[in-house]
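1. Task: produce atomic coordinates for the following.
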Amino acid sequence: MIAHSFPSPFFGPAQRVHGATYAVEVAVKSPTLGPEHVVMDIGALRTILRSALESLDYQNLDQHPSFQAIFSTTERVAEHIAGRVATAIRNAAATAQPPSGSKLVVVLGESPVAWASFERDL
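-> As a prediction, this is how the structure comes out:
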């Protein structure tokens, strides 16, 4: 759950402060499986995601340091989460990391019919 605003006429009524409750999905895609026949340790990914979301939950993103120079659109929030998750995956134990060539996808759902995603290499 976050609050934010978009001070540009492009965003219409969303120029005013409003809230959003995102459903967050994270996927790690890989062209191969690791030695344990998985893409990565799902428990480690769960811990990483929870940590990445902690600094955003119940925050006004207009005041969040990561969004001072950019609008906190759903796409930018997904990009931010992807960056934090990717860094944590790189710093995880070697046995928890996905195989080389893997990709990370972060999907934020704003409603059952509106969502945005961001994908990056790991």
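
2. make it CA atoms for all contacts and neighbour counts henceforth
-> Fine.

3. hey, where'd the helices end up in the protein?
-> Secondary structure of the chain by DSSP state H: the helices cover 42-54, 74-91.

4. Would you indicate which residues of the last one are buried?
-> If you call a residue buried by 16 or more other C-alpha atoms under 10 Å, then helix 74-91 has these buried ones: 74-83, 85-86, 88-89.

5. do the same with the shortest one
-> Buried residues in helix 42-54, counted by 16+ other C-alpha under 10 Å: 44, 45, 48, 49, 52.

6. what does stretch 22-36 give?
-> 22, 24, 26, 28, 29, 30, 34.

7. before we move on, back to that, taking the buried residues of helix 74-91 together, which two end up most distant?
-> 74 and 89 (22.2 Å; C-alpha to C-alpha).

8. ok, residue 88 - contacts?
-> Contact analysis of residue 88 by C-alpha atoms under 8 Å, 6 or more residues apart in numbering lists residue 48.

9. Can you give me the pLDDT of it?
-> pLDDT recorded at residue 88 is 97.

10. Equivalent analysis for residue 69, please.
-> pLDDT, read off for residue 69, is 89.

11. what about it, neighbour count?
-> When neighbours are counted by other C-alpha atoms under 10 Å, residue 69 registers 8.

12. now residue 121
-> Neighbours around residue 121, by other C-alpha under 10 Å: 13.

13. Surely it and residue 104 touch.
-> Yes - judged on C-alpha atoms under 8 Å, residue 121 makes contact with residue 104 at a distance of 6.2 Å.

14. Having no further points to raise, I will conclude here.
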